[in-house]
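Chemist: okay, here's the prediction I keep looking at, along with the sequence it came from:
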Amino acid sequence: MTSTSHDPHVHSDASQADIGIVCALAIEINPFLNRCERPRKYTGGNFVFRGGIYDGIRVAIVQSGVGFAKARQATQAMIDAHRPSWIISAGFSGALQPQMKIGDIVVGTSLVDTHGQELKIDMQMPADPAQGLHVGRLVTADAIVRTVEEKKQLAERHQGLAVDLESLAVAQVCRADKIPCLAVRVISDDLSSDLPVEVNSVVASTGTRRLGAAIGAIWKRPESVKDMWHLRESATKSAEKLATFLDGIVIQLYREAEARAASNSNPAT
């Protein structure tokens, strides 16, 4: 934490958040949450909420679980509970382009799914591929895209940069509720190799069920230990990269929301 230039106590509604973040898994957002002051956690409906104060900015985070339907429900729960000025769909994604590396950041300006739906986000941000920043199309798939061949097919069919499971769902709910949304994804798996076959059962599980799925995977295929450990290392590295990028984005979005609110309150200026 650098400074507290914004006053976190200046809110007419104590439940209101400045920035909301929707993520599927705790591992995706934990490094950013660790940078927040006064962290808290509570359960709302079917979802786990976390939050804290980042540089004086009130941030609320909802952990949706994996998949389109859960992401929609969690986003609506976030809006109902906290009515943030901005919502960020944040988390892991799979690279669809060969030049992309683990830890690269993708900001979505076009969100599509495999059924023909598309939502465009008016975000002017210059890409810098040499520094690991990509701006363009994100593909929201129905299930984890595990193999390199499947990813290549998605890239050819949709001209996407990366694939995830939630971004379009979050953006659709935000659009319906007239809340600005940004999709920020970090590459957690590239095109160098397939994901282990066990990834679907482990990622889709929660809590003790996830532990059971991991133990079951090791029992069925002992060599999966190495694969799953490598996947965990990549995820940890990617989550740290995502946290670093969110450092700046959260502050930028907060300032934009402040400027928008000031403009709305002074229409003559």
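Modeler: That came in fine, so what should we check first? Numbering: from 1, shown residues only.

Chemist: so residue 173 makes contact with residue 72?
Modeler: Yes - checked against Cβ atoms under 8 Å, the pair residue 173 and residue 72 is within contact range at 5.4 Å. Where you see a C-beta, it was placed from the backbone N, CA and C, and this is true even at glycine.

Chemist: neighbour count for these two, which is higher?
Modeler: In this view residue 173 and residue 72 are compared by other Cβ atoms under 10 Å, and residue 173 has more residues nearby, 23 against 19.

Chemist: does that one count as helix, strand or coil?
Modeler: Secondary structure, DSSP: H, G, I helix; E, B strand; the rest coil: residue 173 is helix.

Chemist: quick check: the closest residue to it other than its chain neighbours vs residue 147, distance?
Modeler: Closest residue to residue 173 apart from its sequence neighbours, by Cβ to Cβ, 6 or more residues apart in numbering: residue 75 at 4.1 Å. Using Cβ to Cβ, to the nearest Å, one obtains 29 Å as the distance from residue 75 to residue 147.

Chemist: likewise for residue 104?
Modeler: Where residue 147 is concerned, residue 104 sits at a distance of 20 Å (Cβ to Cβ).

Chemist: more neighbours, these two?
Modeler: Taking residue 104 and residue 147 together and counting by other Cβ under 10 Å, residue 104 has the greater number of neighbours (24 against 12).

Chemist: poorly predicted segments of this structure, please.
Modeler: Counting by pLDDT under 70, the low-confidence segments of the chain come to 1-14, 198-229, 267-269.

Chemist: can you give me the helices for it?
Modeler: Chain-ordered helices for the chain, with DSSP state H as the definition, fall at 26-33, 68-82, 148-158, 167-176, 199-204, 207-220, 224-265.

Chemist: just want the angle from the second one to helix 167-176.
Modeler: Going back to what we said before, that points to helix 68-82. Angle, helix 68-82 to helix 167-176, by axes from the mean of the first three to the mean of the last three Cα atoms, to 10 degrees: 40 degrees.

Chemist: and what of the last one?
Modeler: Using the same axes, to 10 degrees, the inter-axis angle of helix 224-265 relative to helix 167-176 is 20 degrees.

Chemist: against which helices or strands is helix 224-265 packed?
Modeler: strand 19-23, helix 26-33, strand 57-63, strand 86-95, strand 105-113, strand 181-189, helix 207-220 (3 or more Cβ pairs under 8 Å, 6 or more residues apart in numbering; DSSP states H and E).

Chemist: only alpha carbons, please: show the third one as CSV.
Modeler: The reference is to strand 57-63. Listed in CSV are the C-alpha atoms of strand 57-63, where the atom choice follows Å, rounded to 0.1, in the frame of the first residue of the first chain:
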residue,chain,number,x,y,z
ILE,A,57,-10.7,2.9,-2.4
ARG,A,58,-13.4,0.6,-1.2
VAL,A,59,-13.1,-2.7,-3.1
ALA,A,60,-15.6,-5.6,-2.9
ILE,A,61,-14.8,-9.0,-4.4
VAL,A,62,-17.2,-11.9,-5.1
GLN,A,63,-16.1,-15.4,-5.8
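
Chemist: just the angle between that strand and helix 68-82, please?
Modeler: Inter-element angle recorded for strand 57-63 and helix 68-82: 150 degrees (by the same axes, to 10 degrees).
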